[in-house]
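[1] Following is a predicted model, sequence given first.
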Amino acid sequence: MAPVQTEFTPAAAASDVRTPESRRLGRPVVHVLWLALLLPYLLGPVPLFKVTSVVLLILVAIGYNLIIGYAGQFVVVSAAVMGVGAYATAFFMGHWGLAVLPAILLAACLSGGLGALTGLLTVRLSGIYLALMSVGLAEAAGIVMERWTAVTGGENGLAVTGISIAGQSPPSPVAMYTLVLVFTALGILVSWLLVSGQWGRLLKAVAHNELAARSAGIDVEATKRTVLVVGFFYFGLAGGLSAIVNGFLAPDDFSLTVAINHLAMVVIGGMGTFIGPILGAIVVGGIPQLLSFSKGYETVLFAAAVFFVVIFVPEGLAAGPRRLWRSLRRNIALRAAAVRGSQP
Amino acid sequence: MPKRPEPRATKAGRATVIAVLALLTSGALAACGSDSDNNGGTPSSGGTSAPKGDIVIGTIQPLTGPFKFYSDWAVPAVDAAVKKVNASGGINGRKVKLVEADGDCTSGAKGVAAAREVINQKHAIALASTQCGVVVSAYNDTILKGTKVINFSATGSGANSSPDATDPAKVGYSFYYSPNTATQSVDLLTWAYGDGNLHPKKLGVLAGTDNYGSDALKGVNAYVKANNLPAPVVQKIDQTATDASVQVAKLKAAGVDTIVCGCYPPPTTALLRGALQSNWHPTVLGALASSGRAVFQALPPAAYKNFYGTTTLFDVQDSPAIQAKLKEYQKYDPKLTIDGVPFIAEAEILFEYLKRAGKDLTPDSLVNALYTGPVDNWVLGPTEIKKGAYPQVVSGVTMLKYEQNGEDVRQVKVGRVTPQISIPGIYNAQ
Amino acid sequence: MEFFVTTVTSGLVSGAVLALVAVGIVMVFTATRAVNLAHGEVITLGMYASLIGLTHLHWSFWIVLILMPFVGAAIGLAMEAVAFRPFISRSGGNNALLTIFITTLALSLGLQGFLTLVADTAGTGVPSPFAIKSWNVGVLHIAPYQVLTLVVSACLVGVMWLIVARTQLGRAMRAIAQNADAAALLGANPKLISSIAWAASGALGAIVGALLVLPGAVLTPFSGAPLLFITFTGAVLGGFGSIGGAVVGCLFLSIAQQLFAGYVSSEWAALVPFAILIIVLAIRPEGLFGRNIQRV
């Protein structure tokens, strides 16, 4: 049995890479797939839009999971790269007349390319330096989005024109949901293929101990650059899809604050695991929708929820409900003991 | 054979199932709790499914986020207007029902989602809504465009400068009951060179580096060009800046005596303080969002002696007429404050058009009612929507000065101005 | 020449405030290897505390200034208890950074959310306790509040630097920064040092709040947070972990930004810190004065 994770340690999850996850996850995944396909018949159009936006976030969470969870590169660029993907998609559709699919894919490739360029700037950085550099780059991207009005429409935003899915224009919520679901499912599949094999082990080796990895002959720089390319591809893909789903792009939707919300998804879901980003995206993406009744208390409640998870369930939701319950009980006991004054 | 321990990941798979089920349940509950229709997602034309029921009006406001104060002002105002009209029997015998949604000003996507909720899900046939340009653009261009849902907004930006901007059938039936920032600049200069008798000799502009600033500058340039004046001295400043020493020094050195301020409160405060500090007393003309009570609380009276502000109200906040009306509306919603009063207008003007649409209220009758002539309103005076005009319905402002009043400030009305020139893409001269 | 002096003065004064913020952040980092992302809210709370003292209680600014360190220390200790203490027993290596990042971030969001509910997001104005005027000495034009800001900042930075560089406490702090376990074996008390650092950082943050209110200001729940980015940039440029480096970095950035605004373009001045950060880190990943000891 794999050891219990007591912190956000990507490397600690290395042991679950040994068994093919597909066999173990097979049955539950099939159940989830049935549910996902049934959703359009269970929900009205507006809730379906909300679910579509949440499903979209899974791609973002996977991107972060690869970059931070597996490869240990702490960056905060998800929203900015989503912005690149979104505006690029709108540009390709509006100015070059591309259809939805080629536009999104091309935008995602562009984002991947951006990842390669970013890699050139960041491979030698780590820790706070890397984090801050990523903040700087994200802010710079934000400023470009605001000021390059010819392409982005500036602050007042840009409407995405000419959206047509399978002949429907404007596309129905069901069509949009299907598009997002298909891409997300493919994204999950591809990420599973990538991390359950050699490459996943490589990433974790680099994250765990760069020096050791280097002396074992691993090309650390190339590995870091590659994971950025892949992660950015996912971000760009999510951005392109969000352009289609929302139909409107504004620079504020791709700000640092949004990126930090994305980060919370991976942390809460469980970093460095396969199922973590999926759970995290669903839960963290879904919380604001559920809290929309609270009118103003959202932020405080969200902060409290994050605290709760970090204190009582630090390994994230990916550990599974039974372990979560055990961990919760153990942590409450620990806290109670600490409060009573005995040594934890 | 001993039972093999259950692999860890199956538990993870179960966790996924549980999470998804939870989301589904909440989604299903949300769906059941509202009047959802399952016939696709094209924006519905509104409340025609319930001709005898309530008239549903939506309001999209920034209920969360840094611009929450706009909703603190506007929501009680619209709510009071709704309650008041219902108290006197409603519109053509039908009660008005108000639905709210959160259009956080820092997100276009949330604006779109809010409009979907209010229009597609709750069947609002009209909106009396938000102050933020990006949110209005977001839901106008995605949800409203191509429908006959009408939207009255008290925003100064978000105006459409495409060639179709004068044809609401093409660009969406959104109308703006507050002057666009560029129009505000024109108002300020029209007054300064006209009835205000300020005789500016050298014009300067302090513009924010965002849309608000560039729109203000656009207006200044339009006025300057139309009146054959020399180009102004322009300085830009970040909208969160608290120090303007460099900009002040440059404007002062250039000999500027009148400054148009297209900034938010922090740079405005910095400008006024900086000018006072350098013993320089230019006239400062402030656009609508450039100042608020907080700016004057933060400065000594000498700093704002030559500051002129604006409001869309026909008179100052403390005038007896406005105070009396405020008390009257506060009976219907006690949370209404003086800052919310301008937002009563968009709701009440909307009600008037709804009334004119007749007992048989359809999207077409509503749209036709828009062109039936002027609507008078105690907040803004008479306003009219004209065919072929840009959607900015209100363009004039009241000019104000400020005096210290104990620990607060008092507004003093100094004039009323409407712009006399057209701004291409934004506004027609009257 | 006069314009140059005005520009540099303005950059110096803003930079002095940023330097104080940076020292607070670096102190916590030195003593605990953790980065406090809620430091902006310490400043915001300090601003609101000053507002209450000046406007509601009608105290003089000097009293408010003297009380600020105590208010700030209390806030700092409270933050340590909520966002830091519960998590250090399980931290180690790279994950300390991430865990504390998330908790201090959540704290920052929570505080902003709370302030949004109790304070006016349209802004609350605080008037300056002193007259707004200018002392003119040749080409130098400087206001009394600017002089006070410089003096307070210089004194505090000096005191903090002396403590860290010359006292037993400072030595213990630096030892912990290099190797916490060894330092503990040698008699340093990490928990006590951590609390002192958080309290000092809080005190500095609250004083910054008072200094920001000094010229007369409009406060919102989001007043403090924007300072963090440029402060971090300054600290990173100076080599993260060094107080002197952080101060120099912040002053450099602030003056560079103002000079750019004055001589090149006021429109793009806000981008100067980003540009400098990206260029410097691309060429020299450890910052201008940093050494390659970034086991963060």
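    Received it, and whenever you're ready, just let me know what you need.
[2] B:Val260 should be in a strand, yeah?
    Yes. The assignment for B:Val260 (DSSP: H, G, I helix; E, B strand; the rest coil) places it in a strand.
[3] any idea how far it lies from B:Pro267?
    13 Å (C-beta to C-beta, to the nearest Å). Yep, even glycine has a C-beta here, placed from its N, CA and C like the rest.
[4] hey, what's in contact with both of these two?
    Listed as contacting both B:Val260 and B:Pro267 by C-beta atoms under 8 Å, 6 or more residues apart in numbering or on different chains are B:Leu206.
[5] Run through the residues of the stretch 101-250 of chain A sitting next to chain C.
    A:121, A:124-129, A:131-133, A:135-137, A:139-140, A:143, A:207 (C-beta under 8 Å from any C-beta of the partner chain).
[6] after the longest helix belonging to chain A, next one along is what?
    Secondary structure of chain A read by DSSP state H shows that its longest helix is helix A:220-246. Scanning forward in sequence from helix A:220-246 by DSSP states H and E, the next helix or strand is strand A:248-249.
[7] Count the neighbours of residue 249 for me.
    You didn't say which chain, so I picked chain A. 26 (other C-beta atoms under 10 Å in any protein chain shown).
[8] Wait, chain B was what I had in mind.
    Residues lying near B:Ala249 (other C-beta under 10 Å) number 22.
[9] residues contacting the spatially closest residue to B:Ala302 that is not a sequence neighbour?
    The shortest distance from B:Ala302 to any non-neighbouring residue, by C-beta to C-beta, 6 or more residues apart in numbering or on different chains, is to B:Leu276 (5.9 Å). Residues in contact with B:Leu276, defined by C-beta under 8 Å, 6+ apart, are B:Leu299, B:Pro300, B:Ala302, B:Ala303, C:Ile132, C:Lys133.
[10] Out of those residues, which is nearest to chain A?
    Of all those, chain A sits closest to B:Leu299, with 28.4 Å by C-beta to the nearest C-beta.
[11] what separates B:Lys68 from C:Ala122, distance-wise?
    Distance, B:Lys68 to C:Ala122, using C-beta to C-beta: 9 Å.
[12] Neighbour count: these two, which is higher?
    B:Lys68 (23 against 19).
[13] For the more buried one, grab phi and psi.
    Main-chain torsions, B:Lys68, degrees, to the nearest 10: phi -60, psi -30.
[14] wait, doesn't it sit right on B:Pro62?
    Yes. Using C-beta atoms under 8 Å, B:Lys68 is in contact with B:Pro62, at 5.8 Å.
[15] In which helix or strand does C:Val236 reside?
    C:Val236 is located in helix C:227-237, with elements delineated by DSSP H and E.
[16] coming back round to it: state the mean pLDDT of the longest helix of chain A.
    Mean pLDDT, computed over helix A:220-246, is 93.
[17] Same check on stretch A:267-276?
    On average, stretch A:267-276 scores 78.
[18] Could you work out the end-to-end span of that stretch for me?
    End-to-end distance for stretch A:267-276: 8 Å, by C-alpha to C-alpha, to the nearest Å.
[19] what's the closest non-adjacent residue to residue 250?
    I went with chain A, as the question did not name one. Excluding the flanking residues, the one nearest A:Ala250 by C-beta to C-beta, 6+ apart is B:Gly108, at 3.1 Å.
[20] please go with chain C instead
    For C:Cys250, the spatially nearest residue (C-beta to C-beta, 6+ apart) is C:Gly234, at 3.4 Å.
[21] was I right about the one you found contacting C:Val17?
    No. With contact defined as C-beta under 8 Å, C:Gly234 does not reach C:Val17; the gap is 11.2 Å.
[22] ok, those two, which is more surrounded?
    Just comparing C:Gly234 and C:Val17: by other C-beta under 10 Å the higher neighbour count belongs to C:Gly234, 29 against 25.
[23] Just list the residues touching the more buried one, thanks.
    The contact partners of C:Gly234, by C-beta under 8 Å, 6+ apart, come to C:Leu18, C:Ala19, C:Ala22, C:Ala246, C:Gly249, C:Cys250, C:Leu251, C:Phe252, C:Leu253, C:Ser254, C:Pro273.
[24] swap in C:Trp268?
    By C-beta under 8 Å, 6+ apart, the residues touching C:Trp268 are C:Phe260.
[25] quick one: it and B:Asp238, what's the gap?
    Remark: distance between C:Trp268 and B:Asp238 (C-beta to C-beta) = 10 Å.
[26] Kindly report the same for A:Ile275.
    43 Å.
[27] now do C:Gly209
    Applying C-beta to C-beta, the value for C:Gly209 to B:Asp238 is 20 Å.
[28] Compare these two (neighbour count), which wins?
    For C:Gly209 versus B:Asp238, the count of surrounding residues by other C-beta under 10 Å is larger for C:Gly209: 29 against 23.
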